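Participant: Here is my input; please provide its structure:
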Amino acid sequence: MFFNDQVATEIKERLADLVHPVKLVVFWQALQFPESEEVKRLIEELATLDSKLSVEAKNFVIDEDRAKELKMHHIPGIAVLRTGEDGAPDIDYGVRFFGLPMQYDFSVLLDAVIDVSKGESGLEPATLEALQALETPVHLQVFTTPTCPFCPRAARLAYKFAIASEKITADGVEVTGFPDLSRRYRVSSVPKTVVGENGEFIGAQGEGTLLEHVLRAGASPVVS
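Facilitator: You can find the predicted model right below:
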């Protein structure tokens, strides 16, 4: 078990903020990525702590179509969806977490679950209005580590932007599990937020800083 009685109680208290049901789609493949099976078991145990949580476990190789549908390019990976109610399809805000969510990264995942459940970004009205000007999709990646106390704030802000705009997707990435991404985006300090392929900044910056980068990236033409 991942959670003792005290930790389980604390998690249940946080999950009391859930409004709508949430589905956690976890992708794993134990043969090539043994850690991914641990993530699967963690998510399954988390889902037992609140009736509004459910799990859809998918093998990254066997369930390739589902992985492509949800744009899951790395494993272990978790897509956080708002469960469709009364036969409606699930709502996908583009919120993802990649890696093993432990310590502060577990807070990142819980924040994502709660915000997706509410379906409200909580961003300033001026920010919401500005995001309507986005012309092209913007992909946010927030690189984190389990021991970084500032990472949950940075990741949660990115998730809020994804919830606010259908043109934005946001990934929380536990960087130690993805050395290839760490090298590609030159991650030497966390939290590091990468906006598209060209924008980036370090630290848990405010809403205005992220908005500035997002608007710049979203106004750029898509390069095919």
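Participant: Please, which helix or strand holds residue 160?
Facilitator: Using DSSP states H and E, residue 160 maps to helix 151-164.
Participant: Local confidence estimate at the nearest residue to residue 181 once chain neighbours are set aside?
Facilitator: Take residue 181 and drop its neighbours on the chain: the residue closest to it by Cβ to Cβ, 6 or more residues apart in numbering is residue 173, 6.3 Å away. In this view, the C-beta of every residue, glycine as well, is placed from N, C-alpha and C. Residue-level confidence at residue 173 comes out at 97, pLDDT.
Participant: can I assume residue 173 is in contact with residue 179?
Facilitator: No - contact criterion Cβ atoms under 8 Å: residue 173 and residue 179 do not qualify, at 11.5 Å.
Participant: And the two? Which one has more around it.
Facilitator: Between residue 173 and residue 179, residue 173 has the larger neighbour count (other Cβ atoms under 10 Å), namely 27 against 10.
Participant: Following element in sequence after the helix or strand containing the more buried one, please.
Facilitator: Assigned by DSSP H and E, residue 173 belongs to strand 168-174. Counting by DSSP H and E, the next helix or strand C-terminal to strand 168-174 is helix 179-184.
Participant: Quick check: what element follows that next one along the chain?
Facilitator: The helix or strand immediately downstream of helix 179-184 is strand 192-195, counting by DSSP H and E.
Participant: Neighbouring strands - and their directions - for that next one?
Facilitator: Strand pairing for strand 192-195, using DSSP bridges, gives strand 138-144 (antiparallel), strand 199-202 (antiparallel).
Participant: ok, and what's touching the longest one?
Facilitator: Strand 138-144 is contacted by residues 104-105, 108, 151-152, 154-155, 158, 161-162, 167-175, 181-182, 185, 187, 190-196, 210, 214, 217-218 when judged by Cβ atoms under 8 Å, 6 or more residues apart in numbering.
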